[in-house]
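> 3D model of this:
(2 chains)
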Protein chains: 2
Amino acid sequence: MKITDLGKKAHKAKYFLQNLTSDKKNQALQTMADYLITNTSYILLKNQLDVTSMKDKNATSALIDRMILTEDRIKQMADGLRGIAILSDPIGNILETINRPNGLVITKVSVPIGVIGIIYEARPNVTSDATGLCLKTGNVVILRGGSEAINSNKAIVSVLNKALDSLGFLEGCIQLVKDTSREVAKDMMTCNEYIDLLIPRGGASLIDAVIKNATVPVIETGVGNCHVYVDEFANQKQAIDIIINGKTQRPAVCNATETILINESIAFEFLPKIYEALKAHQVEIRGCKATKKIIPQVIDAIEQDWYTEYLDLIIACKVVGDVKDAINHINKYNSKHSESIITENKEAASLFTKKVDAATVYVNASTRFTDGSEFGFGAEIGISTQMLHARGPMGLRELTSYKYIVMGNGQIR
Amino acid sequence: MKITDLGKKAHKAKYFLQNLTSDKKNQALQTMADYLITNTSYILLKNQLDVTSMKDKNATSALIDRMILTEDRIKQMADGLRGIAILSDPIGNILETINRPNGLVITKVSVPIGVIGIIYEARPNVTSDATGLCLKTGNVVILRGGSEAINSNKAIVSVLNKALDSLGFLEGCIQLVKDTSREVAKDMMTCNEYIDLLIPRGGASLIDAVIKNATVPVIETGVGNCHVYVDEFANQKQAIDIIINGKTQRPAVCNATETILINESIAFEFLPKIYEALKAHQVEIRGCKATKKIIPQVIDAIEQDWYTEYLDLIIACKVVGDVKDAINHINKYNSKHSESIITENKEAASLFTKKVDAATVYVNASTRFTDGSEFGFGAEIGISTQMLHARGPMGLRELTSYKYIVMGNGQIR
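Next up is the predicted model:
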């Protein structure tokens, strides 16, 4: 099936979805959750096909672990959908009212974006999570998961669609691209007629390919080269806790800390302490020349290290002159995701939050908080690292657009 | 000079501009206006080169008129900049504050987008207008005007830059692409490293070329295939005034009315009246079969007419069964710009405003009101017809992004 065929169906479904009541959408989310639970064994069976095929291809155990579904993981997917159901509806809200001198009353109302394409890698839970977020926001979703997960994704989408069928939903609200070839992915990226937004979720190379090939509007997500700057006025105990948390609590995620910048006036005192703490957590350190002078055991950092999102128990470390140097380093090398300063000094904090160019800038907190749930959004479709439409954690509200409704009584210009 | 060279300068200038005080930006706008006035004769001299060259190429008088600058038009450009100076600053505003249970205080603050590229056609006044809007919002602007206006644009940009020089601004805040070849335009469209947003302003083919070639995020502007639907419960006198205004007050602009849809139950009564009124304004009518039955003199409409933005004294006319038919026609053929229903019936109005998919939906008013000034935004960079970031008239606020500033006291996950 061609993307344009999926697109045509999506186009019809979009007008069906966009005016559904909140009750109807929430009922659908609850029913989808019920169906996931009652069809658990079917989904596990299909998932097993993907797992076996990955094992045959000698995939790493980390990759296989991301792929494996269990009864408990399916329950989590169902709970995710129920969690979305109880959030308030972001559609149809009056965002603003403008009364014009000529008597026109302009109302700005939130509306769905339309048709959202999600291009993602392995994890099958994304299939259910993204679908739930799109349904709640009245958006049609076209899912294009990785080829390794195709059997799991087919099973999940067919179960979710059966749930919608049982409620009399129009066909096409949730669609899966079953042909996982690159050609079809490229067709999807240029299907401007039917797709309103593409969200790539995955590694840097996937996101890069989407940006390079897409003519459909894209929201860039995820790559996080996040820094912690330890100022001369830092509470050093706090700095150690925040760095260890940022680097080690979940090293493979985009809001993990990748580089630490240390103010030179505290480097002699602080570096040995953080070195010991990181070593105790099996973290490899790649240091600049000044770092090496103080801690000769660290590995030499090369230019590429400052750009690298390790997603691993590796951290880069640089000694900087002051907060301004730290800001310049960050603005040069970061991916505009999450940056933190550790300081008790208000001027340094203020300068840092003003001048650092990133979706989220922290004072005395871990970069790990850049997350829809941690921000209180209830759910999240990704972390935007671009300037347009949405920046940082994207919850339900970030999956909406708006229209202006203008009430007149015969006004002409 | 290559686009990357302009980009590198822009990148530096972006960090200079983004934290300027409102006073400094407003002073710059006033100084830019002063410089335009004092350099009027220089700009007119250079403009004359473009006008002569267009005449040599036998350009139409309409095109030449768009190009010609006069003392009065330059004064209008200066007044435009002063008008932007007195608007309130959209940067640095607290959009939202979130207090989290763990003590984190999250503030969402408006920030500039960064570097904005504008690709536009003839009119030289866009050079000054777009520059003013970008400067007020702390954005660097890279302008790429049409080749026909290159001498005028060079003159205007050099005058504006002299104004900024006199205030000690960093070089690079306002840049003009002097090589107007298509290759350089394409380089601009793929310069993701240095350009954060592209706004094409011009005809459908220009916008189409930008969408097809750009990997930089684009805001699609301008194409307006706008409809007026005259319901069975319309005030018919009002309907005639609104249609005549929408079609004839300024036919060449994007919010002009291009197609009228007439409810069949009033067609016999209304069509002869609107026909006479349109004829009196020299408007050519292209009608569907049902229209022709009532008014045999009209020209046959073909399928292509329903898609066409005439930008001329031509209007398409179709008889429809009811408001639902009107909505379906509009959602199939429109460009998501501006649509109007004329009715005294609340249900019809409510259905129309809910279901019509467009940036602006009117009840009993002319489509001509889709405009930044008419909405009270004070100024406008274009009308967005896409779903992302901004929809409808884009004023200063729509040229901003945001960042989250998170204040903690040692929080870790």
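
> Pull up the residues of the stretch 151-300 of chain A that are close to chain B.
Residues of the stretch 151-300 of chain A that fall close to chain B, judged by C-beta under 8 Å from any C-beta of the partner chain: A:192, A:196-197, A:211-212, A:214-215, A:217-219, A:235, A:238, A:241-242, A:245-246, A:249. Every C-beta, even on glycine, is put in place using the N, C-alpha and C of the backbone.

> Could I have the buried ones of these as PyMOL selection syntax?
This is how PyMOL selects the buried members of these, with burial counted by 16 or more other C-beta atoms under 10 Å in any protein chain shown:
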select buried, chain A and resi 192+196+197+211+214+215+217+218+219+235+238+241+242+245+246+249
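
> quick one: which of the residues of the stretch 151-300 of chain A next to chain B sit in helices?
Under the assignment DSSP state H, these contribute A:Ile211, A:Lys212, A:Gln238, A:Asp241, A:Ile242, A:Asn245, A:Gly246 to helices.

> Most widely separated two among the residues you listed?
A:Lys212 and A:Gln238 (41.3 Å; C-beta to C-beta).

> For chain B, what is the nearest residue in the stretch 151-300 of chain A?
Closest contact between the stretch 151-300 of chain A and chain B, by C-beta to the nearest C-beta, is at A:Asn245 (3.6 Å).

> how about the helices in the stretch 151-300 of chain A?
Listed in chain order, the helices found in the stretch 151-300 of chain A under DSSP state H, counting those that start in this stretch are A:182-189, A:204-213, A:236-248, A:264-280, A:289-294.

> pLDDT (mean, whole number) over stretch A:367-387?
Mean pLDDT, stretch A:367-387: 94.

> if we can go back for a sec, how far away is the closest residue to the residue of the stretch 151-300 of chain A closest to chain B other than its chain neighbours from B:Cys191?
In space, A:Asn245 comes closest to B:Ile412 once its chain neighbours are excluded; the distance is 3.6 Å by C-beta to C-beta, 6 or more residues apart in numbering or on different chains. According to C-beta to C-beta, to the nearest Å, B:Ile412 stands 39 Å off from B:Cys191.

> I'd like to know how far the nearest residue to A:Glu284 once chain neighbours are set aside sits from chain B.
In this structure, A:Glu284 finds its nearest non-sequential neighbour in A:Ile314, 4.6 Å apart by C-beta to C-beta, 6+ apart. Distance of A:Ile314 to chain B, computed by C-beta to the nearest C-beta, to the nearest Å: 20 Å.

> any chance of the ones in helices among the residues of the stretch 151-300 of chain A next to chain B in a markdown table, plus pLDDT?
Listed next are these as a markdown table, based on pLDDT from 0 to 100:
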| residue | pLDDT |
| --- | --- |
| A:Ile211 | 92 |
| A:Lys212 | 93 |
| A:Gln238 | 98 |
| A:Asp241 | 98 |
| A:Ile242 | 98 |
| A:Asn245 | 98 |
| A:Gly246 | 98 |
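
> Pick out whichever of the residues you listed sits closest to B:Asn331.
A:Ile211 (29.9 Å).

> For that closest one, which residues are in contact?
Listed by C-beta atoms under 8 Å, 6 or more residues apart in numbering or on different chains, the contact set of A:Ile211 reads A:Pro200, A:Val218, A:Glu220, B:Asn192, B:Thr215.

> go on, A:Asp300?
By C-beta under 8 Å, 6+ apart, the neighbours of A:Asp300 are A:Arg286, A:Gly287, A:Lys292.

> Next one: the closest residue to the second one other than its chain neighbours relative to A:Lys289, how far apart?
With C-beta to C-beta, 6+ apart as the measure, A:Val298 is the residue that lies nearest to A:Gly287, at 3.9 Å, once sequence neighbours are left out. Spatial separation of A:Val298 from A:Lys289 under the definition C-beta to C-beta is 11 Å.

> okay, these two: which has more neighbours?
Legend: neighbour count by other C-beta atoms under 10 Å in any protein chain shown for A:Val298 and A:Lys289, higher for A:Val298 (21 against 10).

> my read: that one touches A:Ile285, true?
Yes - if you go by C-beta atoms under 8 Å, A:Val298 and A:Ile285 touch, sitting 4.4 Å apart.

> any residues in contact with both of those two?
A:Tyr275, A:Thr291, A:Cys317.

> check contacts around the first one.
Okay, so that is A:Tyr275. So A:Tyr275 contacts A:Ile285, A:Ile295, A:Gln297, A:Val298 (C-beta under 8 Å, 6+ apart).

> now with 6 Å?
By C-beta atoms under 6 Å, 6 or more residues apart in numbering or on different chains, the residues touching A:Tyr275 are A:Ile295.

> what does the model give it for pLDDT?
At A:Tyr275, the pLDDT recorded in the model is 98.

> now the last one
What the model reports for A:Cys317 is a pLDDT of 98.

> and it, bridged to which residues?
Beta-bridge pairing of A:Cys317 under DSSP bridges involves A:Ile260, A:Gly287.

> Quick check: it vs chain B, distance?
19 Å.

> my guess is that residue meets A:Thr291, correct?
Yes - look at A:Cys317 against A:Thr291 with C-beta atoms under 6 Å: they come within range, at 4.9 Å.

> Show me the common contact partners of those two, please.
Common neighbours of A:Cys317 and A:Thr291 (C-beta under 6 Å, 6+ apart) do not exist.

> Looking at those two now, which is surrounded by more residues?
Neighbours per residue (other C-beta under 10 Å) separate A:Cys317 from A:Thr291, with A:Cys317 holding more: 27 against 24.

> Please name the residues that touch the more buried one.
A:Ile260, A:Ile285, A:Gly287, A:Thr291.

> Local confidence estimate at the closest residue to A:Leu49 other than its chain neighbours?
Distance criterion C-beta to C-beta, 6+ apart; nearest residue to A:Leu49, sequence neighbours excluded, is A:Asn151 at 4.3 Å. With respect to pLDDT, A:Asn151 has a value of 97.

> Pull up the gap between A:Asn151 and A:Gly203, please.
22 Å.

> Between the two, tell me which one has more neighbours.
Per other C-beta under 10 Å, whichever of A:Asn151 and A:Gly203 has more neighbours is A:Asn151, with 19 against 14.

> and the more buried one, what does it touch?
Contacts for A:Asn151 (C-beta under 6 Å, 6+ apart) come out as A:Lys46, A:Leu49, A:Asp50.

> Once you drop chain neighbours, what's closest to A:Gln27?
A:Leu167 (6.5 Å).

> how many other residues sit next to that neighbour?
That count, for A:Leu167 with other C-beta under 10 Å as the rule, works out to 11.

> Phi, psi for it please.
Reported as degrees, to the nearest 10, the phi and psi values for A:Leu167 are phi -100, psi 10.

> outside of the helix or strand A:Ser41 falls within, which residues touch it?
Per DSSP states H and E, A:Ser41 falls inside helix A:40-56. Applying C-beta under 6 Å, 6+ apart, the contact partners of helix A:40-56 are A:Ile64, A:Met67, A:Ile68, A:Leu69, A:Glu71, A:Ile74, A:Glu148, A:Ala149, A:Asn151, A:Ser152, A:Ala155.

> roughly how far apart are the residue nearest to A:Leu49 and A:Met67?
10 Å.

> just A:Ala349 next, same as before
Following C-beta to C-beta, the distance that separates A:Ala349 from A:Met67 is 43 Å.

> Ok, A:Asp312 next?
20 Å.

> now swap in A:Gly408 and tell me
Distance from A:Gly408 to A:Met67, by C-beta to C-beta: 57 Å.

> same deal with A:Gly83?
In terms of C-beta to C-beta, A:Gly83 sits 23 Å off from A:Met67.

> The two: who's more crowded?
Taking other C-beta under 10 Å, A:Gly83 and A:Met67 do not tie; A:Met67 has more neighbours (20 against 16).

> Contacts only, for the more buried one.
So A:Met67 contacts A:Asp50, A:Val51, A:Met54, A:Ala122 (C-beta under 6 Å, 6+ apart).
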